[in-house]
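Visitor: What would the 3D arrangement of this be:
(one chain, ligands or ions: 1)
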Amino acid sequence: MKLLIDNANIEDIKRIYEYYPMDGVTCNPTILLKEGKNPYKILKEIREFIGSDAQLHVQVISLVAEEMVKEAHQIQKILGKHTFIKIPVIPEGLKAIKQLASEGVNVTGTAVYSPMQGYLAGKAGAKYVAPYVNRIDNLGYNGIAVAKQIHDMLKDTNIDCEVIAASFKNAQQVIELCEYGVGASTISADVVEGLIKNDTINAAVDVFVKDFETLCGTHATMLTCLDD
Ligand code: E4P
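Guide: Residues are numbered from 1 along each chain as shown. As a prediction, the model looks like this:
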């Protein structure tokens with residue numbers, strides 16, 4: 001499963017990239033708002049950091065297909081062809097996805113709350129579809145089940161499109177979809193950092209260090225404990 005960070009803060013992105021095996025960056029207009037700067041200024045900085053081949057998912061704002069397509073062209077012109085264009089899966093969005101897919105533009109169907117949205121976006125030519133796990137849960141439905149159902153529908157009908165699950169609130173949700181084989185998950189910085197945050201792990205590692213120092217002296221490591 002590919003792991004992307006759902007964030008537009010360059011310091012957060014650099015910190016997460018330093019430690020975790022990440023495959024790209026996603027954002028949405030709400031995430032960009034948090035940075036309070038010109039969107040292209042933020043996105044160009046992210047693109048420069050992650051490199052021209054890495055996945056960067058950027059959302060269009062227009063609600064009319066022809067304008068969505070124009071936005072997509074401009075986004076890719078400025079941020080490169082490995083920029084996935086996030087298109088909300090509404091009827092105008094499906095029209096735009098069909099057009100962009102016919103041009104070979106990589107599209108991510110977003111704002112997905114139902115299995116049929118996911119299926120139709122994939123059938124229209126999107127490379128990814130993004131069910132919003134936590135937001136679906138908040139509506140009283142089962143976000144994980146929706147993500148799995150979309151995954152199954154795409155695989156069962158041989159549609160070349162992967163689920164990029166989004167809107168997570170905890171590590172367990174990510175684990176469940178990873179185990180199920182979904183193509184990607186995009187996760188906020190705090191959820192990424194929660195994936196292996198556990199005091200029991202730290203305590204175990206501390207005991208190893210303490211035992212080695214008892215054997216070889218304070219601050220000793222395998223670099224310093226030579227036997228000559
Ligand atoms: C991704 O496509 C979505 O924009 C994002 O994951 C939504 O996350 P939220 O529900 O935490 O805002």
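Visitor: okay, which residue is most central for this protein?
Guide: Central residue of the chain (Cα atoms, centre = their mean): residue 186, 2.2 Å from the mean position.
Visitor: Make sure it is indeed in a helix.
Guide: No: the assignment for residue 186, made by DSSP: H, G, I helix; E, B strand; the rest coil, is strand rather than a helix.
Visitor: got a list of what it touches?
Guide: Counting by Cβ atoms under 8 Å, 6 or more residues apart in numbering, residue 186 makes contact with 3-6, 26, 57, 130, 164-166. Every C-beta, even on glycine, is put in place using the N, C-alpha and C of the backbone.
Visitor: Kindly recompute the last result at 7 Å.
Guide: With contact set as Cβ atoms under 7 Å, 6 or more residues apart in numbering, residue 186 has these partners: 4, 6, 26, 164, 166.
Visitor: Outline the domain layout of this structure.
Guide: In terms of domains, the chain is parsed into 2-197, 198-228 (source: automatic domain parsing).
Visitor: re earlier: how about the contacts of residue 186 in JSON lines, adding secondary structure?
Guide: Formatted as JSON lines, the contacts of residue 186 follow (three-state DSSP):
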{"residue": "4", "secondary structure": "strand"}
{"residue": "6", "secondary structure": "strand"}
{"residue": "26", "secondary structure": "strand"}
{"residue": "164", "secondary structure": "strand"}
{"residue": "166", "secondary structure": "strand"}
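Visitor: With respect to the ligand, which of those residues is nearest?
Guide: Nearest to the ligand, judged by Cβ to the nearest ligand atom, of the contacts of residue 186 is residue 166 at 3.2 Å.
Visitor: What distance do you get for the closest one to residue 131?
Guide: Computed with Cβ to Cβ, to the nearest Å, the distance linking residue 166 and residue 131 is 7 Å.
Visitor: Same question for residue 31.
Guide: 17 Å.
Visitor: out of those two, which sits in the more crowded spot?
Guide: A direct count of neighbours by other Cβ atoms under 10 Å for residue 31 and residue 131 places residue 131 higher, at 32 against 17.
Visitor: My read is that the more buried one contacts residue 148, right?
Guide: No: the pair residue 131 and residue 148 does not pass the contact test of Cβ atoms under 7 Å, sitting 9.3 Å apart.
Visitor: Thanks again, I'm all set now.
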